[in-house]
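Engineer: What follows is a predicted structure for the sequence shown.
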Amino acid sequence: MDYFKESSNGKLTCLLCSYYCDLKEDQVGICGVNKNTGEKIDCLVYGHISAFNIDPVEKKPLYHFLPTSKSLSLGTVGCNFHCKFCQNHGISQEKRIDKSKYTSAKDVAKIAYEKKCASISYTYNEPTIFYPYAKDIALEAKKYNIKSVYVSNGFESKEVIHDMRGVIDAINVDLKSFDEKYYKKDLGGNLNQVLNNLVHFLRNGIWLEITTLIVPTKNDSELELRKIVKFIKEYLGVNVPWHISAFHPDYKELSLPRTSFESLKLAYDIAKAEGLNYVYIGNIGYENNTICPKCQTKLISREYFKVKSYNLKSGACPNCDYNLHGMFYK
Ligand code: SF4
């Protein structure tokens, strides 16, 4: 795909996310890392990794995508959102790019192979703002049969989502709220675009899991939780996993308390009552089990990011042969 196009006013339009920043020469977009250099829009963070770790894939969190495997996880600096509670604000809200080190896409894929990682995760900051780099890594990784995972705020452009087909294998999207005003004022982007994009990730064959960080007084009302659950059920289906995650004070959101267990459990109970098959409570050491939707056998048991027991046979329930939703080792 083209990552930018000429706009009618002599500027260049960035096609990486749904802001579609219209940039004049030398101007940088909202994310702070894509710049009109005169001839093109240059992704300034290409090759410049700010954080690099090997994580269990459960930490992304992805619970239905190659469970127990390792994922080489990386991010750059910059973000197109400005969430006040960002737990990675040190890199996401940083605009200074350390160019002292360059890591080629080939080298990242090779490291993942040498470290026996089943996937590479583009995470820590918003990956769509460095999609040109992520895509090149993902294509190199395919040569080793290594998958690619996005951890995203879901504000990709429609062009990027279309291009992700066959390149990015799985995505965890933060659905941060169901309040348009809250998105605009406190987070970034807009709710409707994120909701549309969730549908499009599925249509493009990308395995989707959703995370909602429950922030006290901001998105924890019963009404709002019900709206989120109803959207997942009606537009994405009951087999899309929903991770309910606990907030702790961070960055500019320091005055709010931690999320109570009661609040997480309320969200969990609403989702289960509506019939979502895979609902998980994260960040608090709660035992998260995947239960067979057909015969109720316990299939996978986890605590934090650790898989405690794994009871699947070729991706299916050993008791009733129900095929679990997601991607599993055969
Ligand atoms: S990635 Fe998004 S925020 Fe950044 S320049 Fe492109 S359109 Fe703007």
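Structural biologist: It's in.
Engineer: C-alpha from now on. contacts and neighbour counts both.
Structural biologist: Will do.
Engineer: show me where the stretch 151-300 of the chain has strands.
Structural biologist: Secondary structure of the stretch 151-300 of the chain (DSSP state E, counting those that start in this stretch): strands located at 170-174, 207-214, 242-246, 279-282, 287-291, 298-303.
Engineer: Any chance of JSON lines for the ones you listed, columns distance to residue 224?
Structural biologist: Shown next, in JSON lines, are those (distance: least, CA to CA, whole Å):
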{"stretch": "strand 170-174", "distance to residue 224": "15"}
{"stretch": "strand 207-214", "distance to residue 224": "11"}
{"stretch": "strand 242-246", "distance to residue 224": "13"}
{"stretch": "strand 279-282", "distance to residue 224": "17"}
{"stretch": "strand 287-291", "distance to residue 224": "23"}
{"stretch": "strand 298-303", "distance to residue 224": "27"}
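Engineer: now those as CSV including mean neighbour count and distance to residue 28?
Structural biologist: Output for the strands of the stretch 151-300 of the chain, formatted as CSV (neighbours: other CA atoms under 10 Å; distance: least, CA to CA, whole Å):
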stretch, mean neighbour count, distance to residue 28
strand 170-174, 24, 25
strand 207-214, 24, 30
strand 242-246, 23, 33
strand 279-282, 24, 36
strand 287-291, 19, 43
strand 298-303, 18, 42
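Engineer: Ok, which of these comes nearest residue 101?
Structural biologist: Closest approach to residue 101 among the strands of the stretch 151-300 of the chain (CA to CA): strand 170-174, 27.5 Å.
Engineer: Please name every helix or strand in contact with that closest one.
Structural biologist: strand 147-152, strand 207-214 (3 or more CA pairs under 8 Å, 6 or more residues apart in numbering; DSSP states H and E).
Engineer: between that strand and strand 242-246, how many degrees?
Structural biologist: 50 degrees (axes from the mean of the first three to the mean of the last three CA atoms, to 10 degrees).
Engineer: Direction included, what does strand 170-174 pair up with?
Structural biologist: Sheet pairing for strand 170-174, assigned by DSSP bridges, gives strand 147-152 (parallel), strand 207-214 (parallel).
Engineer: chain center to the last one: distance?
Structural biologist: Taking CA atoms, centre = their mean, to the nearest Å, one finds strand 207-214 lying 8 Å from the centre of the chain it belongs to.
Engineer: Let me see the mean pLDDT of it.
Structural biologist: Mean pLDDT, strand 207-214: 97.
Engineer: do stretch 181-198 as well
Structural biologist: For stretch 181-198, the mean per-residue pLDDT is 95.
Engineer: So residue 52 sits against residue 75, correct?
Structural biologist: Yes - if you go by CA atoms under 8 Å, residue 52 and residue 75 touch, sitting 7.0 Å apart.
Engineer: the more surrounded of those two?
Structural biologist: residue 75 (23 against 16; other CA atoms under 10 Å).
Engineer: Using JSON lines, lay out the strands paired with strand 170-174 together with distance to residue 278.
Structural biologist: Conversion of these to JSON lines gives the following (distance: least, CA to CA, whole Å):
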{"stretch": "strand 147-152", "distance to residue 278": "19"}
{"stretch": "strand 207-214", "distance to residue 278": "10"}
